[in-house]
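K.L.:
here is the input, now give the coordinates:
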Amino acid sequence: MALTSTDETDLILPLFTGMQENPRFATFLERLRRRTDANHIGLIHHTHDWTGGRKSTYFAGENLSRRAAETNSPDPFETDRALFEQLRPNRVYSLSELVEHDPVARAARARRMANLGLADERVVRITDGDSFTAWLMLARAKPCSAADSALLSNLAPYVGIALGNLVAAERDRLLARINALSLARAGRGWMTFDLDQRLTAIDPETATYWEAHCGTEPRIGERLRGLDQGTDRELAAAMADLADDPGRPARAVLLRQVPRMEALLMAMDAGSEDPGDILALVPLPRELPADGAARLAQVHDLPPREAELAMELAGGHSIAESAERMGLTLETARNYSKRLYAKLGVRGQAELVRLVYESTAVLA
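P.N.:
Sure thing, here's the model as predicted:
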């Protein structure tokens, strides 16, 4: 039996918007419960891709897990989880079919459900084969019907699409968090501009820095303020060039002299015939992290004071300046530097600074 237009409005639409709800899919599950007169509608969702194996349980009606705990009964899903994982995808199973070839196990399952006040159930396993497996379950105190099975069977493909969208959205969110954290730790910010040089997005770190050091608040939908006329013209020309040919190499622009702030401009849609926003990667000036010396010492097995000297030198200070800042004699600082060069396999201060900046010591 195919889904009706009413089903599409009452069930499918809230299913696809349900990932935005809290708890998720609440409207879809409650409407399905009312439609079938079920005591319980459950959706158990397991992810098993690189985002990490997580189990999420959504339900409408009676909370079977809580009732099982209150009556000292086994959880109806976890007890027979091995059976549920063996179900053929997209086929609806009845209570008797779950353990079709084992009458003892079938009777035990029926008793466990009876202890929860339930007489029958229907379940369908849904999976994309790679990133998730889910079970849509219907349980109630009276026998289920063929119409219940038909409804779950028809809904299963749509539930699979909705859960696939959810997994993809979660993956994108995780990637965005990783990218944002990586850029922030590396002292890099970003801005995006449309082809009219208006700001379309900016990361919080860059917005805070710009407002604090450039005297103006970056505003979405407006051109970047705080630039002199020459820089504004150069920025416009660079963006126009990238818009004309998104495949052009990235272009560096000096945004401000004081504080010094550069941007590396590139087309976000390089390779596309339709020009899109321009991405500006921005190195954010900042002090080296306070615990950078401890990280350097940990990785390279250095004494703490030698690691501190390495960080001072990486910060642009001379041997004499570093010695004064650390409260050392110049001779002691020179001895430390010689030991550093030998232990780290570098041939001088320049190579030492390069090693430090290629290490985790400079990450915030």
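
K.L.:
least trustworthy helix or strand in the chain by mean pLDDT?
P.N.:
helix 95-98 (a mean of 73; mean pLDDT, DSSP states H and E).

K.L.:
quick one: low-confidence ranges for the stretch 51-200 of the chain?
P.N.:
By pLDDT under 70, the weakly predicted segments of the stretch 51-200 of the chain are 51-53, 99-101.

K.L.:
now do the helices in it.
P.N.:
Secondary structure of the stretch 51-200 of the chain (DSSP state H, counting those that start in this stretch): helices at 64-70, 81-85, 95-98, 103-115, 146-185.

K.L.:
show me what the fourth one is packed against.
P.N.:
Helix 103-115 makes packing contacts with helix 95-98 when contacts are defined by 3 or more CB pairs under 8 Å, 6 or more residues apart in numbering; DSSP states H and E. Bear in mind the C-beta positions are built from the backbone N, C-alpha and C, glycine included.

K.L.:
distance between the helix it packs on and the chain's centre?
P.N.:
39 Å (CA atoms, centre = their mean, to the nearest Å).

K.L.:
got the CA coordinates for it in PDB?
P.N.:
Taking Å, rounded to 0.1, in the frame of the first residue of the first chain, the C-alpha atoms of helix 95-98 are listed here in PDB:
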ATOM      1  CA  LEU A  95       7.400 -10.600  17.100                       C
ATOM      2  CA  SER A  96       7.200 -14.300  16.000                       C
ATOM      3  CA  GLU A  97       9.600 -13.800  13.000                       C
ATOM      4  CA  LEU A  98      12.300 -12.300  15.100                       C
END
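
K.L.:
so the closest residue to L281 other than its chain neighbours: helix, strand or coil?
P.N.:
In space, and not counting its chain neighbours, L281 is closest to L264: 4.5 Å by CB to CB, 6 or more residues apart in numbering. Here L264 is recorded as strand under DSSP: H, G, I helix; E, B strand; the rest coil.

K.L.:
cool, F16 as well?
P.N.:
Going by three-state DSSP: F16 is helix.

K.L.:
quick check, it in contact with G164.
P.N.:
No - using CB atoms under 8 Å, F16 is not in contact with G164; the gap is 11.1 Å.

K.L.:
what packs against the helix or strand where L352 lies?
P.N.:
Assigned by DSSP states H and E, L352 falls within helix 349-357. Contact analysis of helix 349-357 by 3+ CB pairs under 8 Å, 6+ apart lists helix 304-314, helix 330-344 as its packing neighbours.

K.L.:
got phi/psi on the nearest residue to G164 once chain neighbours are set aside?
P.N.:
Take G164 and drop its neighbours on the chain: the residue closest to it by CB to CB, 6+ apart is D128, 5.5 Å away. Here is the backbone geometry of D128 (degrees, to the nearest 10): phi -100, psi 0.
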